[in-house]
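Chemist: whatever this is, show me its structure:
(10 chains)
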There are 10 protein chains.
Amino acid sequence: MLFLARMDVTFPETMSDETKAGFQAREKEYSGDLQRRGVMKGIWRIVGEYANHSVFDVDSHDELHAILSGFPMFPYMKVRVTPLATHPNAIAEDFFTTAEDRAAL
Amino acid sequence: MLFLARMDVTFPETMSDETKAGFQAREKEYSGDLQRRGVMKGIWRIVGEYANHSVFDVDSHDELHAILSGFPMFPYMKVRVTPLATHPNAIAEDFFTTAEDRAAL
Amino acid sequence: MLFLARMDVTFPETMSDETKAGFQAREKEYSGDLQRRGVMKGIWRIVGEYANHSVFDVDSHDELHAILSGFPMFPYMKVRVTPLATHPNAIAEDFFTTAEDRAAL
Amino acid sequence: MLFLARMDVTFPETMSDETKAGFQAREKEYSGDLQRRGVMKGIWRIVGEYANHSVFDVDSHDELHAILSGFPMFPYMKVRVTPLATHPNAIAEDFFTTAEDRAAL
Amino acid sequence: MLFLARMDVTFPETMSDETKAGFQAREKEYSGDLQRRGVMKGIWRIVGEYANHSVFDVDSHDELHAILSGFPMFPYMKVRVTPLATHPNAIAEDFFTTAEDRAAL
Amino acid sequence: MLFLARMDVTFPETMSDETKAGFQAREKEYSGDLQRRGVMKGIWRIVGEYANHSVFDVDSHDELHAILSGFPMFPYMKVRVTPLATHPNAIAEDFFTTAEDRAAL
Amino acid sequence: MLFLARMDVTFPETMSDETKAGFQAREKEYSGDLQRRGVMKGIWRIVGEYANHSVFDVDSHDELHAILSGFPMFPYMKVRVTPLATHPNAIAEDFFTTAEDRAAL
Amino acid sequence: MLFLARMDVTFPETMSDETKAGFQAREKEYSGDLQRRGVMKGIWRIVGEYANHSVFDVDSHDELHAILSGFPMFPYMKVRVTPLATHPNAIAEDFFTTAEDRAAL
Amino acid sequence: MLFLARMDVTFPETMSDETKAGFQAREKEYSGDLQRRGVMKGIWRIVGEYANHSVFDVDSHDELHAILSGFPMFPYMKVRVTPLATHPNAIAEDFFTTAEDRAAL
Amino acid sequence: MLFLARMDVTFPETMSDETKAGFQAREKEYSGDLQRRGVMKGIWRIVGEYANHSVFDVDSHDELHAILSGFPMFPYMKVRVTPLATHPNAIAEDFFTTAEDRAAL
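Modeler: Model prediction:
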């Protein structure tokens, strides 16, 4: 079941660059793992903003909320999710590469 | 170069069901062709709405505008596009299957 | 998997009262069936508006979109859905009566 | 008399994790008590957000405001309420389980 | 139980002045009756707009929705209601004159 | 001349409970005086929010601004005012009790 | 007592150019009269829009609503008014020329 | 060339009353000078808000930006400007008193 | 004096393709003339929308309003203008080619 | 490929004037370089606001995001970009002066 997410990040003014870098490193690891497992089907930077669009494939809302609230930077994120269904004009069941294709990355 | 699009469709109240069906058939063909060529990387229905999210891969803004304004139902669409860049946490250069994978569909 | 929906209905000015009544009768039947099957867990009128809030329990986004777009009055509705997850403070797994309780209604 | 509420929580940046945990523990107790008494008919997490949708059954606006402003985390909440009436298509007077069903939880 | 309402009226362009006048006459009678019964505690024109603010005193949401949807001009109204509770600084339980005071009007 | 006001209060996070209580006490006195003088015709809590709706009867905009900016908590308020005129359907010139009725309160 | 108004005009698509011209002629006369009487202190076109900003000086809300709703084009206008008070930095009681200055225009 | 401006002021919570008073005194002088020179044609308080509407008459956008950004309180202001043109119904070229009339103020 | 404009076009549903083409041809001529004269410094399509961003260089607001309201398609446009001033970081007084450069186009 | 950008700057209240001046100096250098290279085709101050509109000519979204996030003041900016395509009424392929014209500036 697919969801489009938009995540906007705002760090407190008082946060040091080191702390930010630490968050970003843990975020990268967390995000990479989700991508390799095929839970996060894709992630892109929104041009000019500290924000991303990403697509998640999960089995339940509880799973999705656990994943989103598990992001190291979640306390500094505003997240909005949009449920996606199959489009009648889609020529494929899945537009994304599979977890198997990604396992080695 | 990727763009996330959101397209909302509103048909005039006076349009007959036949005319709508004609538009939808031409739209399906147009959309399918874009998907097979790898220009439209994906398309999904937004749950509960006569709207889609879709992702386009184009070489220029002129190409993208030509594609979008070429949709048979374009006069009845509200379209918003968001430019997407590579995310620093992305583990792959491309998250989508290729035109080659889709050619036979 | 639960979704909160909000549906706002706007009929065209030119629609006759008879046609409206026909839509409303079919809608009532469609809605009642969903409630008896436990797919629609509840539905309430938003005070002062031709709109409802309702809760759906479905297995997938495709199922939910099929249900929503199957409403007889769907062409005249604006629908927005919000995915709901388990709240950590909830004392029960399910707050609603079951389909069995409703079967006889 | 039913109300749909949406509560969004924002803690100050300077609040310690301990203080937050204390608030959350008191909140859980307060919320659980309302659920057992049948005043809070249900509560759900909004996926991806530090927010909930909940439904309250009260006898008056004064009672509802007292309940809402009594939440331990009320000073950090933005609350919006929507009055709900009986929907003409509803097949049941009450869609929720009763306080009796919940008393033992 | 008090509610502040805001009602905005938009007549279709094609409605004749006679039909409008008919609606307005029935509306005046309906509104006057509510005022005399003390259900509508007050009504005021919003300066420069075809809209009013009004205050209703009802026993339930079902009663309020029945009253609002019973307005002759309801199909042409957008209505928004705000539940009002006792303010801690209020020096009186009721700021409005009573139905008895109004009965003879 | 009547105005509907909406006042939303936001205290700084760093304000102590004592300081808040001091503001609230002075506010109550200021507000009570306005009510007794018939300048503030009514005040109600907006359910679930630290906000009120109130109605003012003044002779000029300068008087109203002086009154509003004189509230002890004005620096922490967002205030919006809506000018109200006589509604053609109103059955009474004044819907509120008079200053005389309130003098003893 | 001063009010800033913003008026946006939208004519129905089906209105003939002749009818529009008739409305505009009556509007010009009505507006000119208000300016000569000093009730309308000024009127300006908002660049690029079929809209104006204007300033009214009236004794009451009822007077202002009567004036605004008396505009020939009122049924096609969206009007928003903002009450203006004396600014503490103002060096003059009145910034506008007087009705006497305008009487001969 | 006329512009309508709206300026909203928000001081930081930590600013002392003395500092505020200093800003306000410099602001009054700056504003008075602009009024005497006929650059600021008028200024009014928006009732209930720490905000003004004002009208500027300048020869260029650079001049206007220099004037606005020269306000002592500019760093604490949100400013929005609307370009105003001659209205076809205006009976006068200028609705404001002149710099000469104001020179002695 | 520069202004950034955004123009959104909406044709009535009932307008024939021929009439639209006629408007578009007159619009092209009108727009080309403005560009050659250096009044319209540039014009671009907003990707995916029937809308443009354009930049105008005029001597007064009256001139700009006359130009904008002179567009053949003005009755079907929503126009918003933003006044632009010299940016302190700009390395050139003018970023656009001159009317002379364009005269032969 | 052209993009219109709007950048709004908000410095933290606690930032010293010296630090601000340092940022502004680095910003000016960075911006000037982009202009000389023809990447930033133009930049203008939005009258009355600490904001600019600017136009960028880039080969890809990654390049644009790198440029925007490289602005020294990026952490204090809110940036929104709008993709621009060729307008059918444009008389020139490029409305801006070239990098060569600017090289000596």
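
Chemist: for the longest helix anywhere in chain A, packing partners?
Modeler: Longest helix in chain A, counting residues (DSSP state H): helix A:17-36. When contacts are defined as 3 or more CB pairs under 8 Å, 6 or more residues apart in numbering or on different chains; DSSP states H and E, helix A:17-36 sits against strand A:40-46, helix A:99-102. In short, each C-beta sits where N, CA and C put it, glycine included.

Chemist: the first one near chain C at all?
Modeler: No - using CB under 8 Å from any CB of the partner chain as the criterion, no contacts between strand A:40-46 and chain C are found, and the smallest distance is 14.1 Å.

Chemist: other residues contacting that strand?
Modeler: A:2, A:6, A:31, A:34-35, A:51-57, A:96, B:2, B:4, B:82-90, B:95-96, J:65 (CB atoms under 8 Å, 6 or more residues apart in numbering or on different chains).

Chemist: by proximity to chain D, which residue of chain A wins?
Modeler: A:Val79 (3.8 Å; CB to the nearest CB).

Chemist: return the list of strands paired to the helix or strand where that residue lies, each annotated with direction.
Modeler: Element membership for A:Val79 (DSSP states H and E) is strand A:77-86. Sheet pairing for strand A:77-86, assigned by DSSP bridges, gives strand A:2-9 (antiparallel), strand B:40-46 (antiparallel).

Chemist: SS state for A:Gly48?
Modeler: coil (DSSP: H, G, I helix; E, B strand; the rest coil).

Chemist: what about it, neighbour count?
Modeler: Neighbour count of A:Gly48, defined by other CB atoms under 10 Å in any protein chain shown: 26.

Chemist: what sits against it?
Modeler: Contacts here follow CB under 8 Å, 6+ apart; on that basis A:Gly48 touches J:5, J:64-65, J:68-69, J:79-81.

Chemist: JSON lines for those residues, including distance to B:Lys41 and pLDDT?
Modeler: What follows is those, written out as JSON lines (distance: CB to CB, whole Å; pLDDT from 0 to 100):
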{"residue": "J:Ala5", "distance to B:Lys41": "25", "pLDDT": "98"}
{"residue": "J:Leu64", "distance to B:Lys41": "20", "pLDDT": "98"}
{"residue": "J:His65", "distance to B:Lys41": "19", "pLDDT": "98"}
{"residue": "J:Leu68", "distance to B:Lys41": "24", "pLDDT": "98"}
{"residue": "J:Ser69", "distance to B:Lys41": "24", "pLDDT": "98"}
{"residue": "J:Val79", "distance to B:Lys41": "25", "pLDDT": "98"}
{"residue": "J:Arg80", "distance to B:Lys41": "24", "pLDDT": "98"}
{"residue": "J:Val81", "distance to B:Lys41": "20", "pLDDT": "98"}
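
Chemist: identify, from those residues, the entry nearest to C:Thr10.
Modeler: Lowest distance from C:Thr10 to the contacts of A:Gly48 (CB to CB) belongs to J:Arg80, with 31.2 Å.

Chemist: any idea how far that closest one is from J:Ser54?
Modeler: 11 Å (CB to CB, to the nearest Å).

Chemist: same check, this time on A:Thr82
Modeler: 31 Å.

Chemist: what residue is smack in the middle of chain A?
Modeler: With the centre of chain A defined as its mean C-alpha position, the nearest residue by CA atoms, centre = their mean is A:Ser54, 4.7 Å away.

Chemist: which strand or helix spans it?
Modeler: Judged by DSSP H and E, A:Ser54 forms part of strand A:51-57.

Chemist: what residue ranges in chain A score low on pLDDT?
Modeler: The model of chain A has pLDDT under 70 over residues A:104-105.

Chemist: got phi/psi on the single nearest residue of it relative to chain G?
Modeler: Nearest to chain G in chain A, going by CB to the nearest CB, is A:Gly48, at a distance of 26.9 Å. Main-chain torsions, A:Gly48, degrees, to the nearest 10: phi 90, psi 0.

Chemist: and the residue lying closest to it once chain neighbours are set aside, what is it in contact with?
Modeler: Excluding the flanking residues, the one nearest A:Gly48 by CB to CB, 6 or more residues apart in numbering or on different chains is J:Val79, at 3.8 Å. Going by CB under 8 Å, 6+ apart, J:Val79 touches A:48-49, J:5-7, J:68.

Chemist: let's see 6 Å
Modeler: By CB atoms under 6 Å, 6 or more residues apart in numbering or on different chains, J:Val79 lies in contact with A:48, J:7, J:68.

Chemist: does it have beta-bridge partners, and which?
Modeler: Applying DSSP bridges to J:Val79 yields these beta-bridge partners: J:Met7.

Chemist: then the one 4 residues further on?
Modeler: Under DSSP bridges, the beta-bridge partners of J:Pro83 are J:Phe3.

Chemist: wait, doesn't it sit right on B:His61?
Modeler: Yes - between J:Pro83 and B:His61 a contact is recorded at 4.9 Å, counting by CB atoms under 6 Å.

Chemist: what residues are shared contacts of those two?
Modeler: Common neighbours of J:Pro83 and B:His61 (CB under 6 Å, 6+ apart) are I:Val47.

Chemist: what about the closest residue to chain I within chain A, how many neighbours?
Modeler: Nearest residue of chain A to chain I, counting by CB to the nearest CB: A:Val47, 12.8 Å away. Number of residues near A:Val47 (other CB under 10 Å) recorded here: 28.

Chemist: checking whichever residue of chain A sits closest to chain F next. Helix, strand or coil?
Modeler: Using CB to the nearest CB, the single residue of chain A nearest to chain F is A:Pro12, 12.7 Å away. Secondary structure, three-state DSSP: A:Pro12 is coil.

Chemist: what's near enough to touch it?
Modeler: For A:Pro12, the contacting residues are D:Glu13, by CB under 6 Å, 6+ apart.

Chemist: regarding A:Phe71, which helix or strand does it belong to?
Modeler: Here A:Phe71 sits in a region with no helix or strand, counting by DSSP H and E.

Chemist: backbone dihedrals for it, please?
Modeler: Per degrees, to the nearest 10, the backbone of A:Phe71 is at phi -60, psi 130.

Chemist: excluding its backbone neighbours, what's nearest A:Leu34?
Modeler: Nearest to A:Leu34 is A:Met40, by CB to CB, 6+ apart, at 3.8 Å.

Chemist: next, count neighbours for that neighbour.
Modeler: With other CB under 10 Å as criterion, A:Met40 counts 25.

Chemist: same check on A:Gly70?
Modeler: For A:Gly70, the count of nearby residues is 10 (other CB under 10 Å).

Chemist: and it, how far from I:Leu105?
Modeler: From A:Gly70 across to I:Leu105, the span is 58 Å (CB to CB).

Chemist: for A:Lys78, grab the count of nearby residues.
Modeler: 13.

Chemist: show me what contacts it?
Modeler: Contacts of A:Lys78 by CB under 6 Å, 6+ apart are A:Asp8.

Chemist: leaving out chain neighbours, which residue sits closest to A:Leu4?
Modeler: For A:Leu4, ignoring the flanking residues on the chain, the nearest one in space by CB to CB, 6+ apart is A:Thr82 at 4.5 Å.

Chemist: would you agree that neighbour is in contact with A:Arg6?
Modeler: No - with contact defined as CB under 6 Å, A:Thr82 does not reach A:Arg6; the gap is 8.1 Å.

Chemist: before I go, just wanted to say thanks for your time.
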